[in-house]
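**Student:** sequence unavailable; structure follows:
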């Protein structure tokens, strides 16, 4: 906020002008009356005191406005679109297959909720829109905790809906590539990022290394034969993002910048969560390195380790039927 947008600006400017005028008067060799000089010096002291008070008030107002802008930014994040990025972890080819299955699961879930899904890159996509989700309630009786459905629903943005799916998803099964029928454990990580406004995260042009590449995959000759894909490297952080879904460089560059802003926001958010200490370690940290779910195929089981809840309809969940698992987790969050 600059002085000309500050309600104290006019008073500060008036004081500064009066001070300059009085200082100039004292320096005038023709102004030699001791009594008048004493009066001017006294007025200068009063003006300096007033000016300091006005500046302190202006700084306090600036802090309040900055805090309000931060709160508004947090509110905007809550109501934003979501960017989903899935990466294969431990497990070689099986982990890559599993990452693809997770992407399919989340895309089906989003489509079932009439949310708009836009592909950004391999295993990276954006989800837009709002939907409703049933509200579940945590009921405690004696020493037991049970989840009970309610008759109400809540409206959620794409980011609100999916943000707590971030973390490591572990699969236990016999891979199709396993000839001897042995059970394998593989992992994939899911990042859920909000769409961040350009004003919220400032990225300087000199901090970016921009490369253009030929896009691959479906889209016709104009996609495959022109260098329409964009690769951005953020030099200070080392973050690299790629966008290749659109046919024009400008569109892919815009998408890549959105993804970069979201990742930079996530880094700052993770720092804040770590600073909060152990109070939020068990539930709701939304950190990529946190193991959150296991999908056990022999037992037809999905377990959310954060809340120690299991469901025995794995095949249905992989088809995008995630309402119950997400609503159950949200019930624990509200406790």
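**Tutor:** Everything's here; your move. None of these values were measured; they are calculated from a predicted model.

**Student:** now residue 318: how far from residue 85?
**Tutor:** Applying Cβ to Cβ, to the nearest Å, the value for residue 318 to residue 85 is 19 Å. For every residue, glycine as well, the C-beta is placed using N, CA and C.

**Student:** which of the two has more neighbours?
**Tutor:** residue 85 (22 against 18; other Cβ atoms under 10 Å).

**Student:** so who does the closest residue to that one other than its chain neighbours touch?
**Tutor:** Computed as Cβ to Cβ, 6 or more residues apart in numbering, the closest residue to residue 85 that is not its neighbour in sequence is residue 191, at 4.3 Å. Taking Cβ atoms under 8 Å, 6 or more residues apart in numbering, we find residue 191 in contact with 83, 84, 85, 86, 87, 166, 266, 288.

**Student:** and the second one, what helix or strand is that in?
**Tutor:** Assigned by DSSP states H and E, residue 84 belongs to strand 82-88.

**Student:** next secondary structure element downstream of that strand?
**Tutor:** helix 92-112.

**Student:** which other residues reach that next one?
**Tutor:** 84, 86-89, 91, 117, 123, 125, 127, 158, 162, 165, 169, 171, 175-177, 184, 186-188, 190, 317-322.

**Student:** specify the angle between it and strand 82-88 in degrees.
**Tutor:** Angle, helix 92-112 to strand 82-88, by axes from the mean of the first three to the mean of the last three Cα atoms, to 10 degrees: 160 degrees.

**Student:** check which residues of helix 92-112 are buried.
**Tutor:** 94-99, 101-103, 105-110 (16 or more other Cβ atoms under 10 Å).

**Student:** and stretch 176-184, by the same measure?
**Tutor:** residue 184.

**Student:** repeat for stretch 133-149
**Tutor:** So for stretch 133-149, counting by 16+ other Cβ under 10 Å, buried means 133, 134, 136, 147.

**Student:** picking up where we left off before, now the buried members of the contacts of helix 92-112.
**Tutor:** Here, 16+ other Cβ under 10 Å leaves 84, 86-89, 91, 117, 123, 125, 127, 158, 162, 165, 169, 171, 175, 184, 186-188, 190, 317-318, 320-322 buried among those.

**Student:** among those, which ones are in helices?
**Tutor:** 158, 162, 317, 318 (DSSP state H).

**Student:** for residue 255, state which of the residues you listed is nearest.
**Tutor:** Nearest to residue 255 among those is residue 158, at 15.8 Å by Cβ to Cβ.

**Student:** and that closest one, how far from residue 318?
**Tutor:** 20 Å.

**Student:** the stretch 1-150 of the chain: helices as residue ranges?
**Tutor:** 9-27, 34-78, 92-112 (DSSP state H, counting those that start in this stretch).

**Student:** would you tell me which one of those helices is buried the most?
**Tutor:** Mean neighbour count (mean count of other Cβ atoms under 10 Å) peaks for helix 92-112 among the helices of the stretch 1-150 of the chain, with a mean of 18.

**Student:** what is the mean pLDDT for it?
**Tutor:** Here helix 92-112 scores 95 as its mean pLDDT.

**Student:** of the buried residues of stretch 133-149, which is the nearest to residue 212?
**Tutor:** Nearest to residue 212 among those, with distances taken as Cβ to Cβ, is residue 133, at 40.3 Å.

**Student:** so who does that closest one touch?
**Tutor:** Applying Cβ under 8 Å, 6+ apart, the residues near residue 133 are 153, 154, 156, 161, 323, 326, 327, 330.

**Student:** roughly how far does it sit from residue 164?
**Tutor:** 12 Å.

**Student:** mind listing the shared neighbours of these two?
**Tutor:** 326, 330.

**Student:** after the worst-scoring helix or strand of the chain on mean pLDDT, which helix or strand is next?
**Tutor:** Across the helices and strands of the chain, mean confidence by mean pLDDT, DSSP states H and E is lowest for helix 221-224: a mean of 46. Moving toward the C-terminus from helix 221-224, the next helix or strand (DSSP H and E) is strand 229-234.

**Student:** show me what whatever helix or strand comes next after that following strand is packed up against.
**Tutor:** Reading on from strand 229-234 to the C-terminus, the next helix or strand found by DSSP H and E is strand 239-243. With contacts taken as 3 or more Cβ pairs under 8 Å, 6 or more residues apart in numbering; DSSP states H and E, strand 239-243 sits against strand 116-121, strand 229-234, helix 249-275.

**Student:** so what's the residue count around residue 211?
**Tutor:** 12.

**Student:** contacts only, for it.
**Tutor:** 230, 231, 232, 233.

**Student:** tell me the pLDDT at the last one?
**Tutor:** Model confidence at residue 233, given as pLDDT, is 92.

**Student:** find the nearest non-adjacent residue to it, please.
**Tutor:** That would be residue 209: by Cβ to Cβ, 6+ apart, it lies 4.1 Å from residue 233.

**Student:** before we move on, what about the third one?
**Tutor:** Counting by Cβ to Cβ, 6+ apart, the nearest residue to residue 232 once its immediate chain neighbours are dropped is residue 256, at 4.6 Å.
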